[in-house]
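Asker: 3D model of this:
(chains A, B and C)
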Amino acid sequence: MIRHQGAGPATEELVIEAREALRHRVRRRAIWVGDHFRREWQIYVLLAPTIIWFILFLYKPMYGLQIAFKDYSIFRGVAGSPWIGFEHFQTLFGNDQFLRAIKNTVIISFYSLLFGFPMPIILALMFNEVLQQAFKRTAQTIVYLPHFISSVIIAGIVITAFSPSAGIVNTVLGWFGVDSIYFLTKPEWFRPIFVGTGIWQEAGFQSIVYLAAIAGVNPSLYESAVVDGASRWQMMWKITLPSIMPTIIIMLIIRIGNMLEVSFEMIILLYQPATFETADVVNTFIYRQGIQGGQYDLAAAAGLFNAVVAFVLVMAANTIAKRYSRTSLW
Amino acid sequence: MRKLTLTAALCASTMLTAQALAENDHRIVDEPLVLTIHMHWPRAQGYDENYPVERVAREMTGIHLKDATAGRNSTDSNEAMNLLLAKGDMPDIVGGHLIQQPVNQYGPEGAFLPLNDLVEEHAPHIQAFWDSHPGLQEAISSYDGNYYYIPYLPDGEFGRAWYIRQDWLDKLGLEQPTNVDEYYEVLKAFRDQDPNGNGLKDEIPYFARQWEEVNRLLNLWDARSSGSDTYHDFYVNDEGKVVHPYALEAYRDGIAHIAQWYEEGLIDPEIFTRGSSSRDYLLSENLGGSTHDWFASTSGYNQALADKIEGFNFIPFLPPESAGGVRMEEHRRIPIKPDGWAISYTNEHPVETIKYFDFWFTEEGRLLANFGVEGETWDMIDGEPVFKPEVLNSDSPVNSQMYLVGAQIYRGYWQDYRYEWQWTSEPARKGIELYKANDLLIDQFLGVSLNQEEQAVYDKYWPSLRTYMLERQQAWILGTGDVEADWDEYMAQLERMGLSEVLEVMNSAYSRQYAG
Amino acid sequence: MSGVTLEKIVKRYGTATVVHGIDLQVQPKEFVVLVGPSGCGKSTTLRMIAGLEEISDGELRIGDRVMNRVAPKDRDVAMVFQNYALYPHLDVAENIAFGLRIRRVKKDEIARSVTDVAKILGLTDYLQRKPADLSGGQRQRVAMGRAIVRHPAVFLFDEPLSNLDAKLRTQMRAEIKRLHKRLGVTSVYVTHDQVEAMTLADRIVVMRDGRIEQIGAPMELFNHPANTFVAGFIGSPPMNQFEAAVEMEDAGPVAVAHGARIALPALDALKGAQGRKVIVGIRPEHASIEPVGKGSTVSVELDLVETLGSEALLHTSIGDTPFVIKAETGGDTDHLSSVNAFHVPVERIKVFDHETGRVLGSSQMGAAA
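Answerer: Predicted coordinates:
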């Protein structure tokens, strides 16, 4: 301001000054960063395995995603294979069976979410109300058990249970005079059986995270409510559920992100050409398609499509969660 | 003079011996040569340098194979091959299970050496095999006309056979069915007349371990289920055209009949879900009446169940004559396996390697590959290789013992059926002889090698076509659709889904490959 | 307003008894503080009054009603918890209204009550906030609001200030006191902090190991502790206590310890007590560095001077027994560094039985009861 008579040089000086200041600050920042690393290096060493893991197993493989747009040959390698643009995507979307597989994936996922997501929460709430410890432990063990059985065995159990000749389901139906049904060849039964199996297999184990969340609720909240005169039912609705709501929302967002990851081996084990109509999902479609000669490029294209959809779903779920509750993944 | 003569005579005899030796001299290199090998196969995911067979072959040829198998931690040979290819540094020899597809795909790209000229020049025994077995070399050729691997060539012809409970037939006073109508009556009798005598109508007249074997019944109405030992495969018709069995008129009639049999309870109602243990279960529970399955393993039940089920007698019978009067066995052993070995582009000794491959096609090499080391596992008796009694009577199966010594493993070699015959059970031998005597075999479709454009067409249409065909097939058999009513729609849909295009590329590849 | 009566209240967990039959009569509108070290049973007692713990034995009455088997909600009590027990998913207004809503009070009535309470506690501006967005003091006020809004017959406080910093604690202490004056509700308040007890209570109940050591008004406990425990617990710094032997002199009994001779009050219990072992108690504020009228002078060795401002704590020793003296500084500590003796008036000295720790004497005890 004082120098406004000699505008030219003054401006120049100001610029120089500003630059000096900036350089100074940068140098100080650099020193600060150096100091910081020297002082806190142990923490960065602890962080390193995770970062390395991410780079090695999540970011580096992303390089290979490009084969979705290439005519990939293993021998030529990722870099050596020629680009072919969106041809694989055109192939996929030009195929009625792929579109059907998308439809089935969405429907099965939606049912799994609709019926499968609340189950572990309900289970956890129920376990929380059980006061008899021995009974509680036994019941928990029983519902956790199916999670630890391999899918092959589970599928065997399901096939046997729904067998028209010896299956328990048809036996019970027989008591009510219902003719035995060959469930696993009926397209209309596949989804209920598959979704039900998934719930049976995983609901117990998934309830653990909610039980942990419930265990973390401040017990004086319940005591306070008792003094206020709340019933057990009211405490469940007004204290337990709202208290574990952040956990529920986080689990829901994660679940939505994994929505298209229908448990593929289970479907392979349970489906038949007769039930493809309702059972064939994207993963099984790719599996059959790819088996003809290692069409990794096509599989990568389908995988990429899956990932994009999952990404959109997670973003949407997170945004909604952020808007309507205070909980979100990020 | 006399001395001289003696010397000359000595010389002559020495020369003779040397010549005789030269006949049997399999030495390929003077200095021992080490070649690396990838060999991934179901029993062992690698090549053991201490196999007695390898030891003897090393002594005889001077070539020493060193294990360099990729993907040993996986039992999936496809995966192992992909890993090997992706890694880039290839061993000299790439062998093992399921190498045909990768070798034919990446051979033309330069990953493997074409063998045509090498064999012609340096491998007289392999060449002799091709010459005496026309069509096989073409069958393993890639789309560029070259072939890239020396296959494992199974010997023996019959695989599966029609089996029936002879003791049930006897009990019900029935004869073995000779045609489709009699077979129908027998199955009905099994269903209705309680041959297992437990008072329940629980017999399963026709069953199968693989649900696809239900399609074998198509043969009874002059339709085909497959052209090869792979299910749902194409076949070559009488006019020399590649066709698909599920897109022919005969198939419609066949499926209609199968659907009717299924409806009537002649076919296992749970055939689609019972799975691989169904033969075990249905035979040991005394429920199953008839099936179509492998000679050796199915005959084995007679011994296994002798104590459990009185009079159990499950024996092969001749395929029933079809409605059109044809008696045939559609299934047979494939003459060429997709297994074997190939020479990779990094191999610096292709000539020595092909000579080494050729060694296994010589008399000695073939015996070594089939039976192991002479004197250790077998002896030559009256000009026949015969396993030692301790091998035949061991608790462990002969093939497992062979795998341990390095015989019968997935190298490129010609199997000798004498190896299997020696430990085939008596009922199976009888069955095989019965089938042999009746000339039941038909030609196999050995597949075609598609070029890249053809492959693209095939990949685009075929998987979906196949899926659609199987969906409809099961629906018809299960009775959720009526094949007669749906047929025109079905054919039109196949057309829309590209059946003609697929058949066109199959036929163009076929005529290219087998023209010569 | 109702009083609270505890008669021979016992609490057992399995074979362990944590409260050994206590008797306590809380008058209507009275503010009673239960104080004692942790594990003394004070919180358990409070929770038994609230109905959060079952009463193993004895009788609890609120007003005239026996409450042993009455559900908490029907006891007409409200409780304020140490960690506030606010519902994190509800805002301040909803938190305050929670108890009313559970009782299906009409909406407009709830709104009115919440507004009133918020006004009393100065929470009007924060009604829409979630607990996470409040300061510690504000949360504490919300917790009290939840109790007040229900107009209960009895307030129960379970260490409500222990999560606050020292300054806030002082402030809230005063606020609770004011609130009690204004609402006049019978209150039972648990704390381990004797300062809180002294400042808040109409009467203090000192507890130890599940038993009541002494009940009384704050100054009464201060001046006339019933035993060495109460003497040591009430007052800061605690009363100096040391062993001594009684010698009878012509002028009266004298305590002899570490060569010091301290004249004792002429208590009935000390008649003919020549050679008896006792515990002598002298409060730090009663040991004077200035000479006093009728009393003793004791030589000490000065170890350390702790300056507090207007006062200083002189850490000294008699022989090897530590002894703390509280002295006025008069704005200057220099003169304190030369202290080598203290004086104590004879009437300020407490004498306790060496075995039982009970205070000796009759005249004073009569006044205390």
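Asker: contacts, neighbours, all on C-alpha from now
Answerer: Fine.
Asker: OK, contacts around residue A:213?
Answerer: Residue A:213 makes contact with A:244, A:247 under the criterion Cα atoms under 8 Å, 6 or more residues apart in numbering or on different chains.
Asker: That one and chain B: what is the separation?
Answerer: Distance from residue A:213 to chain B, counting by Cα to the nearest Cα, to the nearest Å: 40 Å.
Asker: Now that residue: which helix or strand?
Answerer: Element membership of residue A:213, judged by DSSP states H and E, is helix A:187-215.
Asker: Any chance you could note which residues of chain C sit beside chain A?
Answerer: Within chain C, the positions near chain A by Cα under 8 Å from any Cα of the partner chain are C:50-52, C:72-74, C:77-81, C:83, C:85-89, C:98-100, C:102-103.
Asker: and these, which of them are in strands?
Answerer: Within the residues of chain C next to chain A, residues falling in strands by DSSP state E are C:77-80.
Asker: Not counting sequence-adjacent ones, nearest residue to the residue of the stretch 201-330 of chain A at minimum distance from chain B?
Answerer: Closest to chain B within the stretch 201-330 of chain A is residue A:273: 4.4 Å, counting by Cα to the nearest Cα. Nearest residue to residue A:273, sequence neighbours excluded (Cα to Cα, 6 or more residues apart in numbering or on different chains): residue B:471, at 4.4 Å.
Asker: burial of the one you found, as a residue count?
Answerer: Using other Cα atoms under 10 Å in any protein chain shown, the number of residues around residue B:471 comes to 17.
Asker: How about the contacts made by it?
Answerer: A:272-276.
Asker: now the angle from the helix or strand hosting it to helix A:187-215?
Answerer: Assigned by DSSP H and E, residue B:471 belongs to helix B:452-478. Relative orientation of helix B:452-478 and helix A:187-215, computed by axes from the mean of the first three to the mean of the last three Cα atoms, to 10 degrees: 100 degrees.
Asker: What average pLDDT does helix B:452-478 get?
Answerer: On average, the pLDDT along helix B:452-478 is 90.
Asker: Give the next helix or strand downstream of that helix.
Answerer: Per DSSP H and E, the first helix or strand lying C-terminal to helix B:452-478 is helix B:483-496.
Asker: other SSEs contacting that next one?
Answerer: When contacts are defined as 3 or more Cα pairs under 8 Å, 6 or more residues apart in numbering or on different chains; DSSP states H and E, helix B:483-496 sits against helix B:249-263.
Asker: Residues contacting the helix it packs on, please?
Answerer: So helix B:249-263 is contacted by B:214, B:217-224, B:245, B:267-269, B:473, B:476-479, B:482-484, B:487 (Cα under 8 Å, 6+ apart).
Asker: domains for chain B, by residue range?
Answerer: For chain B, the structural domains run B:32-156+B:336-416, B:159-331+B:437-516, going by automatic domain parsing.
Asker: meant to ask about chain C, not that
Answerer: By the assignment in automatic domain parsing, chain C contains the domains C:4-231, C:232-368.
Asker: Going by mean pLDDT, which of these comes out lowest?
Answerer: Averaged per stretch, pLDDT over the domains of chain C is lowest on domain C:232-368, reaching a mean of 84.
Asker: Name the residues of the stretch 101-250 of chain A found near chain B, please.
Answerer: A:159, A:163-164, A:182, A:184-185.
Asker: hmm, which of these are the buried ones?
Answerer: Neighbour-count burial (16 or more other Cα atoms under 10 Å in any protein chain shown) applied to these gives A:159, A:163-164, A:182, A:184-185.
Asker: possible to save those residues as JSON lines with pLDDT?
Answerer: As requested, those are arranged in JSON lines below (pLDDT from 0 to 100):
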{"residue": "A:159", "pLDDT": "90"}
{"residue": "A:163", "pLDDT": "89"}
{"residue": "A:164", "pLDDT": "87"}
{"residue": "A:182", "pLDDT": "90"}
{"residue": "A:184", "pLDDT": "89"}
{"residue": "A:185", "pLDDT": "90"}
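Asker: Check the separation of the first and last residues in stretch C:243-263.
Answerer: Chord length of stretch C:243-263, first to last residue, is 14 Å (Cα to Cα, to the nearest Å).
Asker: Just list what the helix or strand residue C:110 falls within packs against, helices and strands only.
Answerer: Taking DSSP H and E as the criterion, residue C:110 maps to helix C:107-121. On a contact count with 3+ Cα pairs under 8 Å, 6+ apart, helix C:107-121 meets helix C:92-102, helix C:136-148.
Asker: Ok, which of these comes nearest chain B?
Answerer: helix C:92-102 (55.8 Å).
Asker: Provide the secondary structure category for the residue nearest in space to the middle of chain B.
Answerer: By Cα atoms, centre = their mean, chain B has its centre lying nearest to residue B:334, at 3.9 Å. For residue B:334, the assignment made with DSSP: H, G, I helix; E, B strand; the rest coil gives coil.
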